[in-house]
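>>> Got a predicted structure here, sequence first:
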Amino acid sequence: MLSENPPAPSLASARAWLAARRDAKELDSKGNTLMTVRYLKQLCKEQKLYQTPELNDKLYLHFKGLTRLDLGFSKIENLDAYTGLRTVWLEGNGISKIENLGTFVKAKG
C-alpha cells in the first residue's frame, strides 16, 4: 500500500545537500568566491534555471558573499557558455572591474 505523504527528509540528507553545495563553492586565497563552471551550474539548479547554460536569459549572481569570511565574486568569468543571457545580476559582490562580457550578444546596453 502506498502512503499518501512522502517521508520527510532526514537530517542526514539535509547535511549531505549542504555539503554538496559547499563543495561547489570555491574561494581564492583572498577569500573571494570563484565563478567556476561547477558553481554556476549549482546556482542555476538551486534557482530552478535551465541546466543547459545557453538556454538561460538571466542569472542571479548577486550577494554571493560579503560576509566576514567570503567577499563574493571579485571577477566575472566562465560565462562563455551562457550565450542567451540578457541580464546578469551582480550587485553586492566585490567586482572592481567589469570585463569578460564579450559573449553577451543579446544583452541590452
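Arrived safely.
>>> the bottom helix or strand of this protein by mean pLDDT?
Every helix and strand of the chain was ranked by mean pLDDT, DSSP states H and E. The lowest is helix 11-24, at a mean of 65.
>>> And the next helix or strand past that one?
helix 37-46 (DSSP states H and E).
>>> For that following helix, which helices and strands make contact with it?
Applying 3 or more C-beta pairs under 8 Å, 6 or more residues apart in numbering; DSSP states H and E, one finds that helix 37-46 contacts helix 11-24, strand 58-60. From N, CA and C alone the C-beta is placed, and that goes for glycine too.
>>> switch the cut-off to 7 Å
helix 11-24 (3 or more C-beta pairs under 7 Å, 6 or more residues apart in numbering; DSSP states H and E).
>>> which stretches of the chain have low pLDDT?
Scanning the chain for pLDDT under 70 picks out 1-9, 11, 13-22, 65-70, 103-109.
>>> mind running it again at 80?
Applying pLDDT under 80 to the chain flags the ranges 1-23, 64-71, 97, 100-109.
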